[in-house]
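J.: build me a structure from this.
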Amino acid sequence: MVTRLILLIILGFVAALYFPDSRQAMYNRTMPLIQPILIWNAEREIEEISRIVRREARETYQLPETRAWASWLTVNFSANATSDPWGKQYYYRAWPDSFWIRSDGPDRLHGSEDDIGVTQRKPF
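T.: The predicted model follows:
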């Protein structure tokens, strides 16, 4: 049963690639299935980035600077981890007592209801 399902999915992707008109239809049908996985992935990446920020802050007694966030991400993570699953860079902001890391989420709009993120207290 599982083998047949996997085979059908593969055939669907092959058809979408071969027949350009079917690409949008396949995209529209598969996104409700894929979107929860992408959201889960963004949540895990944000948690991992937050963990590294906190670890580095405990070691250096300082948080990354907001204006240097892009370079900090590039230095500390692979190119894949600097952007959310929808292709936008993770946002970061630091305050005297805390910081947050955010993704614009599936709609790619900053400040909307589907934004994903975490706020953490400064670890020192």
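J.: Thr119 contacts Arg102, correct?
T.: No - between Thr119 and Arg102 there is no contact under CB atoms under 8 Å: 9.0 Å. (C-beta placed from N, C-alpha, C; glycine too.)
J.: nearest residue to Ile52 in space, please, no chain neighbours.
T.: Leaving aside its sequence neighbours, Ile52 sits nearest to Asn76 (CB to CB, 6 or more residues apart in numbering; 6.0 Å).
J.: quick check: the gap between that neighbour and Trp69.
T.: Distance, Asn76 to Trp69, by CB to CB, to the nearest Å: 11 Å.
J.: and these two? Which one has more around it.
T.: Neighbour count, other CB atoms under 10 Å: between Asn76 and Trp69, Trp69 has more, with 19 against 14.
J.: sec struct for Pro85, please.
T.: coil (DSSP: H, G, I helix; E, B strand; the rest coil).
J.: tell me the pLDDT at it?
T.: We have a pLDDT of 94 for Pro85.
J.: helix or strand for the closest residue to it other than its chain neighbours, which one?
T.: In this structure, Pro85 finds its nearest non-sequential neighbour in Leu38, 4.0 Å apart by CB to CB, 6+ apart. Using DSSP states H and E, Leu38 sits within helix 20-60.
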